Every structure is written in C-alpha cells, then in structure tokens.
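Colleague: Just the structure for this:
(one chain, ligands or ions: 1)
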Amino acid sequence: MSRIDDILTQLETISRNPRAQLDACLAAGKKAVGVMPYFCPEELVYAAGMQPFGLWGADMVCDQSRRYYPAFICSILHSVLELGITGKLAGLSAIMIPFSCDSLKGMATNWEVSVKDIPVINVAYAQNRKIDAGTEFTASQLRKIRGQLAEIAGREITDADIAAAVEVYNADRAAIIAFADAAGKHPKLVPAAKRSAVIKAGFFMDRAEHAKLLTELAELLAAEPGDRGYIRVVTTGILADSPALLEIFEENRICIAADQIAAESVDARTQTPVTEDPIIGMAERYGKLEGCSILFDPGKQRGKELVELAKQAGAEGIIWVMTKFCDPEEYDFVPVKRMADAAGIRVLSLEVDRQMVNYEQIRSAVQAFAEMC
Ligand code: SF4
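Modeller: The predicted model follows:
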C-alpha cells in the first residue's frame, strides 16, 4: 500500500466510526465536548485540553427525535437529537449549540428536555458581525463560553492556551485548503468519497494530527501527475458527505475541483487573526467568514465567492447540494444562482437528506448534467 493510500485509509476509518474515536478519547481519560454546526469556538475546547467532537448528524432513520421536532426540520438536527436521545453520544461532557438558523434556535431546548445527562453550552454570535459592536458582542459570548468550558475541564483556560489552540486550528485550516486543492487535481487517487472522509475525520480527532496528515497528503499528491478526463465542478451547500451521492459523482467522472460546503472548506478558508487577546481574534474571524447561508450576508458575498471559485478552478459547473428543509439554503439559492447565471456558469441543484434511500432521481440529474458538460 502506498503512503497516500495508507493516509487515506487511516482518515476514512476515523470518519466512518466516530464513536470509536470518542471511546478511545474517553478511555485515555480525556473529556470530549460535542460541537454542532456552525462555527462554534472549538479552539476553546481544545485550549481546555478536551477533545472537540463534531456533530453533523448521521445517515439514519429517526424516530425519537420526532417527539420534539416536526418532520419538516432538517435531518442534521433530527439525527443529532436522535443520537443524543438514544445514548449514542454518551460520554460527552457537554454539547455546544449555536442559534445560527430558525431550526437551531429550538435545538438547545429540545436537547435539554430529551438528553438530560449532557449539558448544553449555548453559542450566540453577533448578527452584525463585521462592525466593532458585533466583534465586541461575539467576544463577550466567547468569554462566557470560556468560563463554562473551564468549569467542565476543571482547570483555567489561559490566553496562552487559547493562542496555542488558535495556532493549531490555523494550521489545520491551511492544511485542509492545501489538501482540497491537491485532491481537485487528482480525482483518481482521491475520489469524491475519500476527499469527503479526509476532511470529515478532522471533526473527531486531534486537529494537530489531522493537519500533519493532510499536509503530508497534499505534498505526496503534488508529486503525482494530475488526472485528466474528469468533469470539474465546484460544490456548494451545507453538507455533501452522502456515500450514495458521492458514488454517483464518481460514476459520472465528476471531480470536486473546489468546494463551498459548510462542513468542508468554508470554515477552513478563513484564518483566525493573531491578536494580543486571542478571544478578539476569534471574534474577528467570525466577521470575516464568507460563503455560508447562515451568515448575515446582505451583499451576497457567497455568490461572488462561488463564481470566483468556479472560475479559478476551471470548473464546468456548480453543484448545489441542497439540504432538504433548510430554509437558509433555499433563500440563498435564487440570488446566488442568478449570479452564476450572469457569469455563464451552469448550476445543478440536488436535494439530499440524511434519511434518503432512493437516489435514482439524483443519478439521472447528474448523468444529464455530465452529458451537457
Ligand atoms: S442551516 Fe439548514 S441544515 Fe443547518 S441546521 Fe439550519 S436548517 Fe438545518
């Protein structure tokens, strides 16, 4: 097995079995804190010597969660709640839940009444995130969270701890972008499903270790000749880790040249500025993030960024992986698609859901898209 395959297998194993990672962490005497989307301050968990554990849901049938959420709430929230209620997340010391969208606003309350043994840490960010008052508000919330995490960890979280965690996270973000770029040139060595697994593994492992592996992977890929004969696309949306969907991409020789997916490169694209008070740098980063429907974005920078990504990547189109029942994504679709249309870039929208079993409509749509490219 080549070193590239070796790293890919290692990261795929982690991303396929997050529970094993959590068990290993607990067995080593380390505490873990659940981190829900979007943009929760993972660095503070890391700075406290605990393991952040990403919670983007799972492909599963939900039953218990339906007692708390109606059927028309997205499957990310349904499945995270289901995992909590059914004890699959037992061992977490807390869960960070933000208020990023209308559906998430009810998550903390639903969690508190249905999963009593894992306390909630609410994460509030300023809506007007780019102005000084917004940074100040976000920093005040981060300080509150720092105190809550310190209590759980049973130790102080110093500025030096946070600065060191920021450094680790900045390195991992740079490594993710370098890897995504390299994978976009090597779709044969790193097909869509492996690309997704490599990035996803970071949610469940030490980010310093993740950064090391991704940096090595990107360097090894750079030494290989690029693969030809693929249809280059940019993906956008919240989540694009469905194995069935990614298999359809592979069947149709689709190469993800770049992505604007919240669970993939969106977070990684923005570094935390190094500031004297590291909490201020973290709050400023929130003001600089772009490319996600849950961010207050009156000028639709998301659309401009997406068009630019498609041009830079030499993409033949954009695939919008639309999470079913996601209002923010549906609202963004019309203005962003208009921007892509104006730039002459074709857009294919595919609606996916974590409980979906039949992908035939998606298969036909992707085949038709591939034939047009
Ligand atoms: S932004 Fe969309 S996908 Fe994310 S939690 Fe809210 S409704 Fe669900």
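Colleague: now the helices for the stretch 151-300 of the chain?
Modeller: Secondary structure of the stretch 151-300 of the chain, counting by DSSP state H, counting those that start in this stretch: helices at 159-183, 192-200, 207-222, 243-251, 267-268, 278-288.
Colleague: Of those helices, which is nearest the ligand?
Modeller: helix 267-268 (13.5 Å; C-beta to the nearest ligand atom). In this view, the C-beta of every residue, glycine as well, is placed from N, C-alpha and C.
Colleague: From Ile261, how far out is the residue in the stretch 151-300 of the chain positioned nearest to the ligand?
Modeller: The ligand sits closest to Ile238 of the stretch 151-300 of the chain, with a gap of 4.6 Å, by C-beta to the nearest ligand atom. Per C-beta to C-beta, to the nearest Å, Ile238 is found 7 Å from Ile261.
Colleague: intersection of neighbour lists for those two?
Modeller: When contacts are counted by C-beta atoms under 8 Å, 6 or more residues apart in numbering, Ile238 and Ile261 are jointly contacted by Val321.
Colleague: The residue of the stretch 151-300 of the chain closest to the ligand contacts Pro37, correct?
Modeller: Yes: Ile238 is in contact with Pro37 according to C-beta atoms under 8 Å; the separation is 7.5 Å.
Colleague: any common contacting residues for these two?
Modeller: Here Ile238 and Pro37 share the contacting residues Ile76, Ala262, Ala263, scored by C-beta under 8 Å, 6+ apart.
Colleague: interface residues of the stretch 151-300 of the chain facing the ligand?
Modeller: Contact residues (C-beta under 6 Å from any ligand atom) of the stretch 151-300 of the chain with the ligand: Ile238, Ile294.
Colleague: Check the secondary structure at Ile121 for me.
Modeller: strand (DSSP: H, G, I helix; E, B strand; the rest coil).
Colleague: For Ala71, report the pLDDT, please.
Modeller: We have a pLDDT of 92 for Ala71.
Colleague: If you could redo that for Thr138, that was the one I meant.
Modeller: 98.
Colleague: again with the one 10 residues further on
Modeller: Turning to Gln148, the model gives it a pLDDT of 98.
Colleague: That one and Ala32: what is the separation?
Modeller: 15 Å.
Colleague: Who has more neighbours out of these two?
Modeller: Ala32 (21 against 18; other C-beta atoms under 10 Å).
Colleague: tally of neighbours for the closest residue to the more buried one other than its chain neighbours?
Modeller: Excluding its sequence neighbours, the residue lying closest to Ala32 (C-beta to C-beta, 6 or more residues apart in numbering) is Gln51, at 4.3 Å. Residues lying near Gln51 (other C-beta under 10 Å) number 24.
Colleague: swap in Met372?
Modeller: Neighbours of Met372 using other C-beta under 10 Å come to 11.
Colleague: so what's it up against?
Modeller: Arg346.
Colleague: before we move on, the earlier item: residues touching the residue nearest to Ala32, list them.
Modeller: Counted by C-beta under 8 Å, 6+ apart, Gln51 has contacts Leu22, Cys25, Lys30, Lys31, Ala32, Val33, Val45, Asp206.
Colleague: now those as TSV including secondary structure and distance to Leu213?
Modeller: Below are the contacts of Gln51 laid out as TSV (DSSP: H, G, I helix; E, B strand; the rest coil; distance: C-beta to C-beta, whole Å):
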residue	secondary structure	distance to Leu213
Leu22	helix	19
Cys25	helix	17
Lys30	coil	19
Lys31	coil	24
Ala32	strand	20
Val33	strand	22
Val45	helix	20
Asp206	coil	10
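Colleague: Once you drop chain neighbours, what's closest to Arg66?
Modeller: Using C-beta to C-beta, 6+ apart, the closest residue to Arg66 is His78 (7.5 Å).
Colleague: C-terminal to the helix or strand hosting the one you found, what's the next element?
Modeller: Assigned by DSSP states H and E, His78 falls within helix 75-85. Tracing the chain C-terminally past helix 75-85 and defining elements by DSSP H and E, one meets strand 94-98 next.
Colleague: Pull out the buried residues from the next helix-or-strand element following that next one.
Modeller: Following strand 94-98 in sequence order, the next helix or strand is helix 102-105 (DSSP H and E). Burial within helix 102-105, assessed by neighbour count using 16 or more other C-beta atoms under 10 Å, is assigned to Ser103, Leu104.
Colleague: ok, now stretch 207-226?
Modeller: Buried-residue list, stretch 207-226, by 16+ other C-beta under 10 Å: Arg207, His210, Ala211, Leu213, Leu214, Thr215, Leu217, Ala218, Leu220, Leu221.
Colleague: would you turn these into a markdown table with pLDDT?
Modeller: Shown next, in a markdown table, are the buried residues of stretch 207-226 (pLDDT from 0 to 100):
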| residue | pLDDT |
| --- | --- |
| Arg207 | 98 |
| His210 | 98 |
| Ala211 | 98 |
| Leu213 | 98 |
| Leu214 | 98 |
| Thr215 | 98 |
| Leu217 | 98 |
| Ala218 | 97 |
| Leu220 | 97 |
| Leu221 | 97 |
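Colleague: looking at it, the residue nearest to Arg66 is touching Cys62, isn't it?
Modeller: Yes: judged on C-beta under 8 Å, His78 makes contact with Cys62 at a distance of 4.3 Å.
Colleague: Looking at these two, which has the bigger crowd around it?
Modeller: Taking neighbours as other C-beta under 10 Å, His78 and Cys62 compare with His78 leading, 27 against 23.
Colleague: contacting residues for that one?
Modeller: Gly57, Cys62, Ser65, Arg66, Tyr69, Arg354, Gln355.
Colleague: which other residues reach stretch 36-46?
Modeller: 33, 35, 51-52, 55-56, 76, 80, 95-98, 100, 104, 107, 123, 125, 142, 145-146, 149, 157, 162, 165-166, 168-169, 207, 238, 262-263, 267, 272, 282, 286, 289, 292, 294.
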